[in-house]
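1. Sequence below, structure please.
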Amino acid sequence: MLPTGIDELDARLLVAISRAPRAGVMELARQLQVARGTVQARLDKLQTRGVVTGFDPDLHLATLGYDVMAFVQLEIAQGRLDDVIAHLRNIPEVTEAHSTTGPGDLHCRVVARTNEHLQSVLNAVLDVSGIMRTSTQIALTEQIRMRTLPIIEQLIDDEG
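-> Below you'll find the predicted structure:
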């Protein structure tokens, strides 16, 4: 059993799904050399435990016309976090929001089609009471794409 609460077969299944997200249960069973029912039961268990949170497509937003990505740090007035989060959920261009330590309270990733559109998105973000200050940094290029596969591979290597 790995220190994460998943065993080696779970880790191998996660690697297989990461490498071939469109593979069916039968194909995964063949690759892992286990029964189809075993793969399905493991997938169900990983979903129930919250390890696997979805099978959404991995979209490249720039290809869809959202060429601008920025990170927005928000300082929130005491007691207004829930209101601000509810507001941000209604702005499609806010793709992530994380509570943070340090000078800001929320760190958001936002996307836009152009710099002018980014200004509109930022104006929409600010259209709620409770935001005291913002700081925005525009991303120039993506150097490392969001990834999880190396973590699972490291868990397997550490166990082996």
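2. Skipping adjacent residues, who's closest to Gly132 in space?
-> Slight slip there: residue 132 is Met, not Gly. In space, and not counting its chain neighbours, Met132 is closest to Glu75: 4.6 Å by C-beta to C-beta, 6 or more residues apart in numbering. Placement of C-beta: from N, CA and C, glycine included.
3. Could you report the distance from the one you found to Thr101?
-> Distance, Glu75 to Thr101, using C-beta to C-beta, to the nearest Å: 13 Å.
4. mind giving me the domain ranges of this structure?
-> 8-57, 68-139 (automatic domain parsing).
5. Would you mind checking the average pLDDT for the last one?
-> What it means is domain 68-139. Here domain 68-139 scores 96 as its mean pLDDT.
6. what's the spacing between it and its chain's center?
-> Relative to its chain's centre, domain 68-139 lies at 16 Å (C-alpha atoms, centre = their mean, to the nearest Å).
7. ranges for the helices of this structure?
-> 8-19, 25-32, 36-48, 81-89, 115-125, 149-159 (DSSP state H).
8. wait, which of those is closest to Leu59?
-> Among the helices of the chain, helix 8-19 comes nearest to Leu59, with 16.2 Å by C-beta to C-beta.
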